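In: sequence first, then the predicted structure, then my questions.
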Amino acid sequence: MGAITLKGVEKWFGPAQVIKGIDLEVGAGEFVVFVGPSGCGKSTLLRMIGGLEDTSRGQILIDGSDVTDQPPSGRGLTMVFQSYALYPHMTVGENMGFSLKTAGAPKPEIEAKVAAAAEVLKLEPLLERRPKDLSGGQRQRVAIGRSIVREPTAFLFDEPLSNLDAALRVEMRYEIAKLHRRLKKAMIYVTHDQVEAMTLADRIVVLDAGRIAQVGSPRALYERPANLFVAQFIGSPKMNVMACSASGGDWSLEAGRGGSGAPDGSVRVGIRPEHVTLAAPGEGQCDGMVDVVEYLGADSFVVLDCGPSGPITVRVTGDTDLAPGDRAGLVFDPARLVFFDDAGLALWA
């Protein structure tokens, strides 16, 4: 249970259309992540599913029932926001059980559901504390627990980890993944963080200016992007993309070299940083001068100025001895090249 279907969903604010005909199916028990740049409509779309925003056109179905005009309380969903929104004068247990109390649930039922949620979220020792006595990660767990006790058909998360520091984000990401496996409920999660999207999702929905740019598994989006937008949005660092010319299956870079295997109509070629190796100047597809070396421990990212081809980022081992000013040749793995046409669409054989 908990399957969610969107059919031609649109959202208008006056003359401005912000959601432009979204068709999507989220299966029962599936973890789907909405990701995209700021202003792409991901939070608006989530709020429409939850009933917090009206739907201008189209249909929203939950388990086959049309809930487009239903209020949030009639949809059987629950939402976790970026802000914890906990009542400061209530204990953790009271915060978690408050929605059940206002709904008139018996006290033994409330206590049982709060205890069960606290066990799942490892909050049992904290039930008598107040929010001011909790860390950011503990407060977010309480907010999630408040949703669990309602036993929803599906969970909606709107950038729930944005207020946490880096270490807590990693910890909470792990907890949310475990929670999904344990509850087996559909979850839709909005984030601008690619790491969250790639590590949590069964499928990622990449949004661009109110439209779906691509839907697929994290691996599918990373390895076979449908277009230039997805290719450069998914992945950190982003895919290197360079202008190229192609003829008869051969391709070449401006003021550089090239190779074979380019589909007809190719005007750009892309390659991930980990699929580029450094060699002696004159080898590979182009030459570049080291501009920046970003040391990250096990890995380093080397950014080279490749003239007309622009800056190209290469992933190397952390013990590299390259330094700014060094010159090198760049060798592209031919099996990992992605070609794009003039409209920005990927050309796959």
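Out: Cool, got the structure. Numbering: from 1, shown residues only.
In: run a quick neighbour tally on V292.
Out: Neighbour count for V292, taken as other CB atoms under 10 Å: 12. The C-beta positions use only the backbone N, C-alpha and C, and glycine is treated the same way.
In: doesn't P324 make contact with it?
Out: Yes: when contacts are counted by CB atoms under 8 Å, V292 is listed as touching P324 (6.8 Å).
In: what about the chain, any weak spots by pLDDT?
Out: Where the chain drops to pLDDT under 70, the residues are 1, 349.
In: neighbouring strands - and their directions - for the helix or strand hosting G270?
Out: For G270, the host element (DSSP states H and E) is strand 268-271. Here strand 268-271 is paired, per DSSP bridges, with strand 240-247 (antiparallel), strand 338-340 (antiparallel).
In: which one of those strands is the most hemmed in?
Out: strand 338-340 (a mean of 22; mean count of other CB atoms under 10 Å).
In: may I see the strands paired with strand 268-271 organised as JSON lines, with distance to L296 added?
Out: Output for these, formatted as JSON lines (distance: least, CB to CB, whole Å):
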{"stretch": "strand 240-247", "distance to L296": "18"}
{"stretch": "strand 338-340", "distance to L296": "24"}
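In: out of the ones you listed, which is closest to H89?
Out: Within those, the stretch nearest H89 is strand 240-247; the backing value is 53.9 Å (CB to CB).
In: check which residues of whatever helix or strand comes next after that closest one are buried.
Out: Next in sequence after strand 240-247, counting helices and strands by DSSP H and E, comes strand 250-253. For strand 250-253, the buried set under the neighbour-count rule, 16 or more other CB atoms under 10 Å, comprises W251, S252, L253.
In: next: stretch 108-119.
Out: Quick answer for stretch 108-119 (16+ other CB under 10 Å): I110, K113, V114, A115, A117, A118.
In: can you lay out the residues you listed as a markdown table showing distance to L126?
Out: Converted to a markdown table, the buried residues of stretch 108-119 look like this (distance: CB to CB, whole Å):
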| residue | distance to L126 |
| --- | --- |
| I110 | 17 |
| K113 | 16 |
| V114 | 12 |
| A115 | 13 |
| A117 | 12 |
| A118 | 8 |
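In: and which of the residues you listed is nearest N227?
Out: Of all the buried residues of stretch 108-119, N227 sits closest to A117, with 41.6 Å by CB to CB.
In: ok, the closest one - contacts?
Out: M96, L123, G145, I148, V149 (CB atoms under 8 Å, 6 or more residues apart in numbering).
In: please, which helix or strand holds S99?
Out: Counting by DSSP H and E, S99 is found in helix 92-102.
In: who are the packing partners of that helix?
Out: If contacts are counted by 3 or more CB pairs under 8 Å, 6 or more residues apart in numbering; DSSP states H and E, helix 92-102 sits against helix 107-120, helix 136-148.
In: any chance of these in JSON lines, with distance to G329 too?
Out: Output for these, formatted as JSON lines (distance: least, CB to CB, whole Å):
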{"stretch": "helix 107-120", "distance to G329": "54"}
{"stretch": "helix 136-148", "distance to G329": "47"}
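In: between these, which one is nearest to P88?
Out: Of all those, it is helix 136-148 that lies closest to P88, at 10.7 Å by CB to CB.
In: quick check: angle from that closest one to helix 92-102?
Out: On the basis of axes from the mean of the first three to the mean of the last three CA atoms, to 10 degrees, helix 136-148 is oriented at 20 degrees to helix 92-102.
In: what packs against whichever helix or strand comes after helix 136-148?
Out: On the C-terminal side of helix 136-148, the closest following helix or strand by DSSP H and E is strand 154-158. If contacts are counted by 3+ CB pairs under 8 Å, 6+ apart, strand 154-158 sits against helix 42-50, strand 77-80, strand 186-191.
In: so for A335, which of the ones you listed sits nearest?
Out: Of all the helices and strands packed on strand 154-158, it is strand 186-191 that lies closest to A335, at 31.0 Å by CB to CB.
In: touching the very next helix or strand once past that closest one from outside, list them.
Out: Heading C-terminal from strand 186-191, the first helix or strand you meet, by DSSP H and E, is helix 194-200. Outside helix 194-200, the residues within contact range by CB under 8 Å, 6+ apart are 31, 33, 35, 161, 169, 173, 176-177, 180, 189, 191, 204, 218, 222, 233-236.
In: could I get the buried residue list for helix 194-200?
Out: Quick answer for helix 194-200 (16+ other CB under 10 Å): Q194, E196, A197, M198, L200.
In: how is the protein divided into domains?
Out: 4-229, 237-347 (automatic domain parsing).
In: quick one on the thing from earlier: ok, which of the strands paired with strand 268-271 comes nearest P106?
Out: Closest to P106 of the strands paired with strand 268-271, according to CB to CB: strand 338-340, at 59.0 Å.
In: following the closest one, which helix or strand shows up next?
Out: strand 346-347.
In: elements contacting that next one?
Out: strand 338-340.
In: I appreciate the help and will end here.
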